[in-house]
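In: Everything below, folded, please.
(chains A and B)
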There are 2 protein chains.
Amino acid sequence: MLQGLMQARPLLVSAITDYAEQAHGKREITSRLVDEPDWRYDYRGLAQRSRKLANALLDLGICAGDRVSSLAWNTHRHMELFFGVTGSGAVLHTANPRLHADQIIYTINHAGSRILFFDSSFTKLVESIRPRLLTVEHFFSLSPSGAAATYEDFISPASSEFVWPIFDENSGAILCYTSGTTGSPKGVLYSHRSIVLHAMGAGLPAAFGLTAFDVVMPCSSLYHATAWGLPFVAAIAGSKFVLPADRLDPESLHELIEREGVTFTGGVPTIWTAYLEWLDRLEKSPAGLRRVVIGGSAVPVSMAQSFLRQHNVEVLQLWGMTETCPLGVVATPTPQLASRGETEMWETIWTRQGRLQFGIELKLVDEAGCCVAHDGHTPGALMVRGPWVVERYFGSAEPAVDSEGWFNTGDVATLDEDGFMRITDRAKDVIKSGGEWISSIDLENAAAGAPGVKVAAVVGLAHPRWDERPLLVVEPHEGAVISITVVMDHLRDKIVRWWLPDSIIIAEVPLTATGKIDKKQLRIQYQGYYDDAKT
Amino acid sequence: MLQGLMQARPLLVSAITDYAEQAHGKREITSRLVDEPDWRYDYRGLAQRSRKLANALLDLGICAGDRVSSLAWNTHRHMELFFGVTGSGAVLHTANPRLHADQIIYTINHAGSRILFFDSSFTKLVESIRPRLLTVEHFFSLSPSGAAATYEDFISPASSEFVWPIFDENSGAILCYTSGTTGSPKGVLYSHRSIVLHAMGAGLPAAFGLTAFDVVMPCSSLYHATAWGLPFVAAIAGSKFVLPADRLDPESLHELIEREGVTFTGGVPTIWTAYLEWLDRLEKSPAGLRRVVIGGSAVPVSMAQSFLRQHNVEVLQLWGMTETCPLGVVATPTPQLASRGETEMWETIWTRQGRLQFGIELKLVDEAGCCVAHDGHTPGALMVRGPWVVERYFGSAEPAVDSEGWFNTGDVATLDEDGFMRITDRAKDVIKSGGEWISSIDLENAAAGAPGVKVAAVVGLAHPRWDERPLLVVEPHEGAVISITVVMDHLRDKIVRWWLPDSIIIAEVPLTATGKIDKKQLRIQYQGYYDDAKT
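Out: Numbers count the residues shown, from 1 in each chain, chains lettered A, B, ... in the order given. As a prediction, this is how the structure comes out:
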């Protein structure tokens, strides 16, 4: 090869901090706090206090590559950890306070953190787990505290002058652990390069497309894959930033949206279910809100409809994982869809997780690992690749990707000719019948509409002839009576014949602790059910 | 440091080609051609033919790092060279047909190109320079040709199946030479990394902000710093792309704008002067056009006004150089400016070259190399740094940057608190008076408004006490009489006292071949003028 002759400037998080300060230093940042009045400053203030933090860390002997953990809500101090810790060359581990205490302990020990910064909501938790945190040398309360050392006391004597060090862009910056539904949480160590590229990609109009005129409020947690990168995307765009702390109830959110003029927000569906109900009940509407990005789990069409039709707010569905920083796909309009008319465009968009984004490659493979058609209906295991996709989990010697660099998401999906992706199942739930795949999610959605059905659950059970066949378990609404014949007739209109479940059982559907259908339990309960089946 | 654990996927131009094909393969590309009917296909077609080209190059024995030159207009075939040559690992040298034949020969020899692709407009030129092209082994006409081998014949037997090779993202991709107003043209070798990062940065809403709904027509040449990266930005965004070939006259442009629904175009001011005059004369207006990005030289305020007030088209001024890929700054609105009202916002924007963009650092230094204030009025030598700024010229052993990596643009500028940059002078034209700088451009602009003045030219002349002092030469309109006292009084209102020229001379102002004021000539003509000055 012939080397290009452009500058080898590394892509570092500190470049975002510097840029935000210089290009739009006076753009506001406002933050709710746990037990304090609201905080208000700007990107210049964020940069200055991040530099104070970096100096304080240096004085404490925190070196490049050292880990620092946070147990914190969406506040300006958490933002300062994002920029100050990473800028100094250390690694921020954003511990997830929603995990079980044992798992929180596991992740902080596994990260090997030397400092733990925590919001006062977690003071008791920290006291109780403290004896089991093996590597933490310093504890700082992010809130004012009578007893503990505080973040403000820590940074206050430090100078706000600090020249960010220049180092390899592949250095670790932020460490996020997966929720770990099976086994221990796994750490994904984002590099500076991956964070900057992800922020640039997510900032493009095909994804979030934030502008300097936007007012952004992240309602996904900063500890969940960096709140989808929004702190970085907003800092680059110069959007005003609004941090809701721990108050995600509808009234608190609405107050912030109205008072601060929020135009763009994002979070998991449950927040918005509650918010929409509240708006409905109080006959209110968020005046300036224009777009809500929703991810974490599938967006109900009715939610997207309510936002658009009742409140003139566009819903952008997002699919991603901790392992993808998390941007995978985002559902934004295209001229191809728009040419079918506004109504059909939105209805198509709402049933897809999103469209291909520059920087993240997607492919679908069958069980033999061969690519399947991108025709909008052939499902395949969803594989992803790109500069902001995990290569290897923290502390693991094994790569998390195949020999060509593809990471298996564990999802089954389709891709259509317009470049839109739709998740059809989790890989472990898909039903493999006679070499073809049946989507348990699609089958459940079809059955959920049958008369009297409250919950519909579908699992694949071993079958002597077809490998697996679907079993449908339906739980009736209180007092309702379900007819198996009626359910079967209902399904016949909606799905192809060979997808029809071989049996329908009327019973209570077991749920997990987080309210999802417990398919593991169902599989155990009905194990062997089709063993003697003939066809 | 602790290494991050994300994938090491390189940033390659071929990733743009693949993405455009997969994400919006059916989005249209249409091209005028020199002696052929218009061409029409889509991003899928572009990708397929780029792969055919890559196969053909491979068959011809073109290896990674080999150079391939083009002498071509903005056509789809030139676009295919952009994607096919670079994707294969070779380097595309986009020769500038506007240079003197000697300089064209110099650049192709200096690049060491093995192939030359040329539009039929240049057949005679190529015939005449052919004996002096020392390294070119193959010549292909991009147009159908009775005599020469053609591009279509070259790629037609090749397969459209080709897996783009994966290689170091710092490899060279496109080689552009500066126009070389002084000395020989200098080659800037863009790396794959710099092109991809530049395209992502230029795609952000703060810069071009192209969307899938945009229809983009580049009227800056593909051989001028890759037409400001528009082929790459548009391919990422999925914008429809319209190529005007060599027909940049108002009527041809207007026809394309109307027929293809162009929403976004860009080019140097001279094109738009002619276009606006034509629109005025024919009382026409471009219906769908929304934004015009203008760079290459300063945008007259009256041009920006006409576009906005008469045609509802926003002008985005751009400043950049071949050495910066070329994106430096772009003048897009911000809420800070908008808060002063629409009129004042635009008037402020129109007098600035643009605002800071993420990915490119700017600083201003005085003669001692110390940073000057970013207060909107202190001028300094404009230095730039970043991953899409030149490090070293092609074939040079010396770095083009200082020890901290800053490239001196040769411009003098101010930066204000809103992050907007204004070019006040070329460094060689700035007048250094008593340790302070006087902007020759500002002085000329002030003098140009005085009664009877047709052209005003200012140069700094050596002065025994002040190092340099300004001399103003004014040329009267035909038949007009200029009073030196009146001109001096006119200036007194507009500039600080110490900027006032020590002498005003009424004379013809010498112009260069391209119609600019010939300051070199003026300096020679008036050399020693202030040698005997006392104060």
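In: Looking at strand pairing, list the partners for residue A:316.
Out: Counting by DSSP bridges, residue A:316 is bridged to residue A:293.
In: quick one: pLDDT of it?
Out: Residue A:316 is assigned a pLDDT of 95 by the prediction.
In: Could you do the one 4 residues further on as well?
Out: Residue A:320 carries a pLDDT value of 94.
In: count of neighbours near the nearest residue to it once chain neighbours are set aside?
Out: Of all residues not flanking residue A:320 in the chain, residue A:326 sits nearest, at 3.2 Å (CB to CB, 6 or more residues apart in numbering or on different chains). For every residue, glycine as well, the C-beta is placed using N, CA and C. Neighbours of residue A:326 under the rule other CB atoms under 10 Å in any protein chain shown: 24.
In: correct me, but residue A:326 touches residue A:227?
Out: No. If you go by CB atoms under 8 Å, residue A:326 and residue A:227 don't touch, sitting 9.5 Å apart.
In: Report the contact partners of the residue nearest to residue A:320.
Out: A:224-225, A:228-229, A:295, A:318, A:320 (CB atoms under 8 Å, 6 or more residues apart in numbering or on different chains).
In: ditto for residue A:33
Out: Contact analysis of residue A:33 by CB under 8 Å, 6+ apart lists A:39, A:75, A:143, A:245.
In: Inside strands: which ones of these?
Out: Residues of those located in strands (DSSP state E): residue A:39.
In: ok, of the contacts of residue A:33, which one's closest to chain B?
Out: residue A:39 (20.5 Å; CB to the nearest CB).
In: With adjacent residues omitted, what lies nearest to the closest one?
Out: residue A:31 is the one closest to residue A:39 (CB to CB, 6+ apart), at 4.4 Å.
In: Report pLDDT for that neighbour.
Out: Model confidence at residue A:31 (pLDDT) stands at 98.
In: Then the one 5 residues further on?
Out: According to the per-residue confidence, residue A:36 scores 94 in pLDDT.
In: what does residue A:513 give?
Out: If you check residue A:513, the pLDDT there is 69.
In: ok, now residue A:180?
Out: pLDDT, read off for residue A:180, is 59.
In: again with the one 4 residues further on
Out: For residue A:184, the model assigns a pLDDT of 85.
In: And for the one 3 residues further on?
Out: For residue A:187, the pLDDT comes out at 97.
In: Quickly list the domain ranges of chain A.
Out: A:10-190, A:248-428, A:434-525 (automatic domain parsing).
In: Redo those as a markdown table? Include distance to residue B:525.
Out: As requested, those are exported to a markdown table (distance: least, CB to CB, whole Å):
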| stretch | distance to residue B:525 |
| --- | --- |
| domain A:10-190 | 42 |
| domain A:248-428 | 55 |
| domain A:434-525 | 82 |
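In: Doesn't residue A:201 lie inside a helix?
Out: Yes. The assignment for residue A:201 is a helix, going by DSSP: H, G, I helix; E, B strand; the rest coil.
In: measure the closest residue to it other than its chain neighbours to residue B:116 for me?
Out: Nearest residue to residue A:201 in three dimensions, chain neighbours excluded: residue A:359, at 4.1 Å (CB to CB, 6+ apart). Residue A:359 is 34 Å from residue B:116, where distance means CB to CB, to the nearest Å.
In: Next: residue A:284.
Out: For residue A:284, the distance to residue B:116 - CB to CB - is 67 Å.
In: Of the two, which one has the most company?
Out: For residue A:284 versus residue B:116, neighbours defined as other CB under 10 Å are more numerous around residue B:116 (24 against 13).
In: who's in contact with the residue nearest to residue A:39?
Out: A:38-40, A:74-77, A:79, A:242-243, A:245.
In: Can I have the buried ones of these as a PyMOL selection?
Out: In PyMOL, a selection of the buried entries from the contacts of residue A:31 looks like this (16 or more other CB atoms under 10 Å in any protein chain shown):
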select buried, chain A and resi 39+74+75+76+77+79+242+243+245
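In: Now go through the contacts of residue A:31 and say which are in helices.
Out: A:76-77, A:79 (DSSP state H).
In: Dump these into TSV; add pLDDT and distance to residue A:381 as well.
Out: Shown next, in TSV, are the ones in helices among the contacts of residue A:31 (pLDDT from 0 to 100; distance: CB to CB, whole Å):
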residue	pLDDT	distance to residue A:381
A:76	98	41
A:77	98	41
A:79	98	37
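In: TSV for these, including distance to residue A:484?
Out: Converted to TSV, the ones in helices among the contacts of residue A:31 look like this (distance: CB to CB, whole Å):
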residue	distance to residue A:484
A:76	57
A:77	57
A:79	55
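In: Is chain B within reach of stretch A:105-114?
Out: No. Judged by CB under 8 Å from any CB of the partner chain, stretch A:105-114 stays clear of chain B, getting no closer than 9.9 Å.
In: now that stretch: mean pLDDT?
Out: 98.
In: Any residues of the stretch 401-535 of chain A in contact with chain B? List them.
Out: Counting by CB under 8 Å from any CB, the residues of the stretch 401-535 of chain A that sit close to chain B are A:401, A:405, A:407, A:417, A:419.
In: Leaving out sequence neighbours, find the closest residue to the residue nearest in space to the middle of chain A.
Out: Centre of chain A computed as the mean C-alpha position; nearest residue by CA atoms, centre = their mean is residue A:296, 4.8 Å away. For residue A:296, ignoring the flanking residues on the chain, the nearest one in space by CB to CB, 6+ apart is residue A:268 at 3.7 Å.
In: tell me the mean pLDDT for the longest helix anywhere in chain A?
Out: Counting by DSSP H, the longest helix found in chain A is helix A:43-59. For helix A:43-59, the mean per-residue pLDDT is 98.
In: Let me see the ranges of the helices in the stretch 301-450 of chain A.
Out: A:301-305, A:311, A:335-338, A:342-350, A:440-448 (DSSP state H, counting those that start in this stretch).
In: Quick check: which ranges of the stretch 251-400 of chain A have low pLDDT?
Out: Filtered on pLDDT under 70, the stretch 251-400 of chain A yields no residues whatsoever.
In: try 90
Out: Residue ranges of the stretch 251-400 of chain A with pLDDT under 90: A:268-270, A:273, A:295-302, A:367.
In: interface residues of it facing chain B?
Out: Near chain B, when you scan the stretch 251-400 of chain A using CB under 8 Å from any CB, you find A:325, A:332-336, A:338, A:355-359, A:361, A:374, A:385-394.
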